[in-house]
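Student: Let me see the structure of the following:
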Amino acid sequence: MSGKCVFGIIGSGWRAEFYMRIAQALPDLFEVCGVVSSSEEKRTSIHSKYGYRVYSTREELLSSTKPDFIVVSVNGSVACDVTTQLLLEGIPVLAETPPAKDLNGLKQLNRLAASGSKIQVAEQYWLQPMYQAALSVIQSGRLGECRYVHVSFSHGYHAVSMIRKVLDIGFENAEIEARGFSFPTVVGFGRTGLPEKEIVQMNPHQLAFLDFGGKVGFYDFETSQHRSWARSQRVMARGERGGINNDSVKYLKDYTTPIEFSLKRMQAGEGTNLEGFFLKGILAGEDWVYVNPFLPASLNDDEIAVVTCLVKMRDYVFGGPSFYSLAEASQDHYLAMMIHKAIETGCRIVTETQEWAQR
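Tutor: Numbering: from 1, shown residues only. Okay, the predicted model is just below:
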């Protein structure tokens, strides 16, 4: 499908506002038909800030509008119940992560999905431009088959999703060994903005090896690392013919010919360039490995990733392919929960095949 799609939003928090801003930045693609919030203060704020119609309940929204799908962006403790009600009513859902808080909730939702309900999950990190570019290089085969990846950029299921994408893992079980500890860190930028003074706090740091039998993922995350000015991000993958370390790529064209290049961001608006301020794409040598399809909207990388989720959801609702299924999201959340269990118990964990793996 091409053209504008109409969606509603249940939720009014920090993450829900990503969808509101994106719809305003790309009015030819999206229309928000309404936002549901239980907070009168939030409803007033959203209407004043964005001009969207606001409702206090799901029923009010659905009786007044006909969205193509609903974005569910609420607290994890109620996400499963909200999503379940929508699916039972036949409303397609794009669920924010995680789609359910625990294993029972994941099983409940997957049984609904198995009956034909339309649901996808908005796992956006692998859709950020640089990660799309890196995955393009990996999937090209130039590095050979990647059997090891070190992921250190975000927490839990976000990082696990990248581990599975890089290693081309489906629902294979893993042996997990993990450890946690804490270090002092200066607090940086947060959801509420800049810190008002220097604060040093102890931040938990988690390390885990996930051995899928011939392929290994190394999970490495310190709390708030993804928003820290004092910490770096890392995705490093290795195959038999080469490897990628963030934006640096090395591989063997043949056994005597090493090739090396960097993934280069091509940005408009720098220096004397007056095209606007936006990411044009990412080059690997002379080849484009990512081209921004949302020009000339001025969006950051995370917003580009969320837009991509919305476009893929629009296509899915109207007969297109699944792009990040509930089963995938459930597997990533399950593996993340097992990492936490391995840290808490200090024991090696062997995961078990879950019912959604059969679908």
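
Student: do you know how far E198 is from A230?
Tutor: Distance of E198 to A230, computed by C-beta to C-beta, to the nearest Å: 11 Å. From N, CA and C alone the C-beta is placed, and that goes for glycine too.

Student: of those two, who's got more company?
Tutor: The residue with more neighbours, out of E198 and A230 and counting by other C-beta atoms under 10 Å, is A230; that gives 10 against 7.

Student: my guess is the more buried one meets V187, correct?
Tutor: No - taking contact to mean C-beta atoms under 8 Å, the distance of 9.5 Å between A230 and V187 leaves them out of contact.

Student: shared neighbours, E198 and A230?
Tutor: Contact with both E198 and A230 is made by residues V186, according to C-beta atoms under 8 Å, 6 or more residues apart in numbering.

Student: which helices and strands sit right next to the helix or strand hosting T83?
Tutor: Following DSSP states H and E, one finds T83 within helix 76-88. Here helix 76-88 is seen to pack against helix 58-64, strand 69-72, strand 93-95, helix 103-114 when contacts are counted using 3 or more C-beta pairs under 8 Å, 6 or more residues apart in numbering; DSSP states H and E.

Student: and those as CSV, adding distance to L210, mean neighbour count and mean pLDDT?
Tutor: Converted to CSV, those look like this (distance: least, C-beta to C-beta, whole Å; neighbours: other C-beta atoms under 10 Å; pLDDT from 0 to 100):
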stretch, distance to L210, mean neighbour count, mean pLDDT
helix 58-64, 37, 15, 95
strand 69-72, 28, 26, 98
strand 93-95, 24, 26, 97
helix 103-114, 18, 18, 93
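
Student: just so I know, which of those lies nearest L283?
Tutor: Closest to L283 of these is strand 93-95 (C-beta to C-beta; 31.1 Å).

Student: in its sheet, what does the closest one sit against?
Tutor: Using DSSP bridges, strand 93-95 pairs in its sheet with strand 69-72 (parallel), strand 119-121 (parallel).

Student: what stretches of the chain score poorly on pLDDT?
Tutor: Counting by pLDDT under 70, the low-confidence segments of the chain come to 1-3, 359.

Student: now the helices: where do they sit in the stretch 101-250 of the chain?
Tutor: All helices of the stretch 101-250 of the chain, identified by DSSP state H, counting those that start in this stretch, fall at 103-114, 129-139, 156-167.

Student: okay, these in TSV with distance to G281 next?
Tutor: Formatted as TSV, the entries for the helices of the stretch 101-250 of the chain read as follows, by distance: least, C-beta to C-beta, whole Å:
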stretch	distance to G281
helix 103-114	34
helix 129-139	8
helix 156-167	20
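
Student: can you tell which of the ones you listed is closest to A342?
Tutor: Taking C-beta to C-beta as the criterion, A342 comes closest to helix 156-167 out of those, the separation being 12.9 Å.

Student: what helices or strands is that closest one leaning on?
Tutor: For helix 156-167, the contact count by 3+ C-beta pairs under 8 Å, 6+ apart identifies helix 129-139, strand 148-152, strand 216-222, strand 234-239, helix 326-345 as packing neighbours.

Student: same thing but 10 Å
Tutor: Packed against helix 156-167, as judged by 3 or more C-beta pairs under 10 Å, 6 or more residues apart in numbering; DSSP states H and E, are the following elements: helix 129-139, strand 148-152, strand 200-211, strand 216-222, strand 234-239, helix 326-345.

Student: Compare the ones you listed and give me the one nearest A268.
Tutor: The closest of those to A268 is helix 129-139. By C-beta to C-beta, the value is 13.6 Å.

Student: For the residue located most distally from the centre of the chain, list the residues it contacts.
Tutor: Among the C-alpha atoms of the chain, the one most distant from their mean position (C-alpha atoms, centre = their mean) is that of T256, at 38.6 Å. Residues counted as contacts of T256 (C-beta atoms under 10 Å, 6 or more residues apart in numbering): none.

Student: Use 14 as the first number from now on
Tutor: Got it, first residue is 14 now, which makes that one T269.

Student: Distance check, it against V330.
Tutor: 51 Å.

Student: Using the record's assignment, carve the protein into domains.
Tutor: Using automatic domain parsing, the domain ranges for the chain come out as 18-135, 139-311.

Student: need those in TSV with distance to A342, can you?
Tutor: Listed next are these as TSV, based on distance: least, C-beta to C-beta, whole Å:
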stretch	distance to A342
domain 18-135	4
domain 139-311	7
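
Student: which one of the ones you listed lies closest to E368?
Tutor: With respect to E368, and counting by C-beta to C-beta, the nearest of the domains of the chain is domain 18-135 at 6.3 Å.
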